[in-house]
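Visitor: Okay, predicted coordinates and the sequence, questions at the end:
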Amino acid sequence: GAIAEGVNLNKAEVNDKSGPVIEEGVQVKKIDRGAHLGAIAEGVNLNKAEVNDKSGPVIEEGVQVKKIDRGAHLGAIAEGVDLNKAEVNDKSGPKLPSAVKVQDRNALISEVANANVQLNKAEVNDKSGPVIEEGVQVKKIDRGAHLGAIVEGVDLNKAEVNDKSGPKLPSAVKVQDRNALISEVANANVQLNKAEVN
């Protein structure tokens, strides 16, 4: 409760006069900080330096370096090399355990290739059943009679239907008289036939 409410701390005024720890005998030079920062901002023009670098790789004592014609060496690399044709007679084979004989291996491969293997007939007496949760009662039925009824089927009652439904047309669509429409279609068909003959 008290932690959640918090505490009002008194205002404290501090006059901090601490400074960096300077070791005995060390003299600190005072500089004009403003002028120093200004000089840094202006930058310094560096003098041009001419260098004659004659350094080389460090070679351990006793190592002899062979000099080569670098131009000829690069030229040979650019030209390439014609490789000699190699003929190979590969007689390698799979690594077999020491206990495996080649004759046994060949006999096994032959047997698998022929695939003339007959499986032994297995007789199973399965007495397993479904897991039924506690409190669930299963109703026993005469399975034979149930299947027989399914095979015989069921006679459905005859239903008389007076269907007066019709297509749903948009309000802007007008339905013509059926007989007039049939007559119009028949006349159009006759005109088409005459047009094809002429």
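Guide: That came through, no problem. Residues are numbered from 1 along each chain as shown.
Visitor: When you work out contacts or count neighbours from here on, use the C-alpha atoms and nothing else.
Guide: Will do.
Visitor: low-confidence ranges in the chain?
Guide: 1-2, 96-99, 115-117, 169-178, 189-198 (pLDDT under 70).
Visitor: residues in contact with the residue nearest in space to the middle of the chain?
Guide: Most central in the chain under Cα atoms, centre = their mean is residue 94, positioned 36.8 Å from the mean C-alpha point. By Cα atoms under 8 Å, 6 or more residues apart in numbering, residue 94 lies in contact with nothing.
Visitor: Would you list the phi and psi of it?
Guide: Taking degrees, to the nearest 10, you get phi -70, psi 150 for the backbone angles of residue 94.
Visitor: Would you mind measuring from it to residue 65?
Guide: Distance of residue 94 to residue 65, computed by Cα to Cα, to the nearest Å: 47 Å.
Visitor: ok, now residue 125?
Guide: 87 Å.
Visitor: mind checking the SS state of residue 81?
Guide: Classification of residue 81 using DSSP: H, G, I helix; E, B strand; the rest coil returns coil.
Visitor: what about it, neighbour count?
Guide: Residue 81 is flanked by 8 other residues according to other Cα atoms under 10 Å.
Visitor: What distance do you get for it to residue 95?
Guide: Taking Cα to Cα, one finds residue 81 at 37 Å from residue 95.
Visitor: swap in residue 61?
Guide: Taken as Cα to Cα, the span from residue 61 to residue 95 is 49 Å.
Visitor: try residue 162
Guide: Between residue 162 and residue 95 the computed distance is 86 Å (Cα to Cα).
Visitor: do residue 24 as well
Guide: Relative to residue 95, residue 24 is positioned 80 Å away (Cα to Cα).
Visitor: same check, this time on residue 160
Guide: 84 Å.
Visitor: what do you get for residue 73?
Guide: Taken as Cα to Cα, the span from residue 73 to residue 95 is 45 Å.
Visitor: More neighbours: which of these two?
Guide: Using other Cα under 10 Å as the criterion, residue 73 and residue 95 rank with residue 73 on top: 10 against 6.
Visitor: all helices for the chain, in order.
Guide: With DSSP state H as the criterion, the chain has helices at 2-5, 33-42, 70-79, 102-114, 143-152, 178-197.
Visitor: I'd like those helices as TSV, with distance to residue 54 appended.
Guide: Output for these, formatted as TSV (distance: least, Cα to Cα, whole Å):
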stretch	distance to residue 54
helix 2-5	75
helix 33-42	35
helix 70-79	19
helix 102-114	70
helix 143-152	106
helix 178-197	106
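Visitor: For residue 52, find the nearest of those.
Guide: helix 70-79 (23.0 Å; Cα to Cα).
Visitor: hmm, who's touching the closest one?
Guide: Contacts of helix 70-79 (Cα under 8 Å, 6+ apart): none.
Visitor: Now do that helix: distance to the chain's middle.
Guide: Put simply, helix 70-79 sits 48 Å off its chain's centre (Cα atoms, centre = their mean, to the nearest Å).
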